[in-house]
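*Asks:* Compute the structure for the input listed below.
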Amino acid sequence: MAKCISILSILFLSILCHFTPNIAAYNVVHFGSRGDGRTDSTLPFLRAWMSACSSARPATVYVPRGTFLMKTVTFSGPCRCRIRFQIDGTLVAPNKHRALGNSGSWILFHNVSRLTIYGGTVDARGAGFWACRKNGRNCPAGASILSVCVNRISSMSLIWCNNVLVSGLKSVNSQTMHMAIGHCSNVKIQNVKIIAPSGSPNTDGIHVESSIGVSILDSIIRTGDDCISIGPGSMNLWISRIGCGPGHGIR
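*Replies:* I've put the predicted structure just below:
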């Protein structure tokens, strides 16, 4: 009986989210972020995310114009309704490359469904890390910008996510991989720009692994490694209209 009530509650919330016309908006500035490029905005971003994730109606996390400093951060689900992460400004990593350390990813979305990430620029400031690698120093593992996989490092990551759209995003100077997709389903990446110098090591553009139904469309990728890399366990992958180079191609 309790199981039936639980299933009915989930169905009710799904119907409510689908038909509720109003969208709840959570501006990160209202949670204490400052777009001055110096003030740590990690906790304000997390507070805005948690408010949006717990909302009983569709929600937007809004990043206005400005430059927002962020340390490593994980945006976790599951969330009650669909979420739009709208970036009109720029997200930057700390200047010191060791600040991201061995975290594996800079910005991580984990176990989130019905997510849209739209617009804006993310800059991981990878030059210091590349110089460390080039000089053979004792360097940390590095971090990618957006990661969606488990065993590869990236700037932005999506792990165990479903029904995701990433559109209009510009990713620059990731320490290592820019974007990784792993253990996900129904992910579309479109109209993105991924840029790093041709001599930057291991700066793959997009890595796909252990995921089903991934589309990568109408994008420009200029990096020091593979434009798109395909790992094991990938099914129904569609790649179309990609400007690749410099880089090592699609493989």
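
*Asks:* and the gap between residue 249 and residue 226?
*Replies:* 7 Å (CB to CB, to the nearest Å). Yep, even glycine has a C-beta here, placed from its N, CA and C like the rest.

*Asks:* What's the end-to-end length of stretch 95-112?
*Replies:* Counting by CA to CA, to the nearest Å, you get 29 Å between the two ends of stretch 95-112.

*Asks:* Neighbour count for residue 249 and residue 226, which is higher?
*Replies:* More neighbours surround residue 226 than the other of residue 249 and residue 226, with 21 against 11 (other CB atoms under 10 Å).

*Asks:* Surely that one is within a helix?
*Replies:* No. Counting by DSSP: H, G, I helix; E, B strand; the rest coil, residue 226 falls outside a helix, being coil.

*Asks:* quick one, phi psi at it?
*Replies:* phi -60, psi 140 (degrees, to the nearest 10).

*Asks:* low-confidence ranges in the protein?
*Replies:* 1-16, 18-21, 147-154 (pLDDT under 70).

*Asks:* go with 50
*Replies:* Within the chain, the ranges that satisfy pLDDT under 50 run 1-12, 148-152.

*Asks:* The spatially closest residue to residue 31 that is not a sequence neighbour: what secondary structure?
*Replies:* Distances taken as CB to CB, 6 or more residues apart in numbering put residue 44 closest to residue 31, at 4.0 Å, once the chain neighbours are dropped. Assigned state for residue 44: helix (three-state reduction, three-state DSSP).

*Asks:* okay, now residue 44: neighbour count?
*Replies:* 20.

*Asks:* I'd say it and residue 35 touch.
*Replies:* No. The criterion here is CB atoms under 8 Å, and residue 44 misses it with residue 35 at 10.9 Å.

*Asks:* shared neighbours of the two, which are they?
*Replies:* Common neighbours of residue 44 and residue 35, using CB atoms under 8 Å, 6 or more residues apart in numbering, are residue 29.

*Asks:* Let me see the domain layout of the chain.
*Replies:* If you go by the TED database, the domain ranges for the chain are 39-91, 123-163+193-250.

*Asks:* Look up how far residue 67 lies from the nearest residue to residue 250 once chain neighbours are set aside.
*Replies:* Nearest residue to residue 250, sequence neighbours excluded (CB to CB, 6+ apart): residue 228, at 4.5 Å. Applying CB to CB, the value for residue 228 to residue 67 is 29 Å.

*Asks:* for residue 245, same thing?
*Replies:* 29 Å.

*Asks:* contacts for stretch 52-67?
*Replies:* In contact with stretch 52-67 (CB under 8 Å, 6+ apart) are residues 13, 16-17, 20, 22-29, 33-37, 45, 48-49, 51, 75-77, 79-92, 112, 120.
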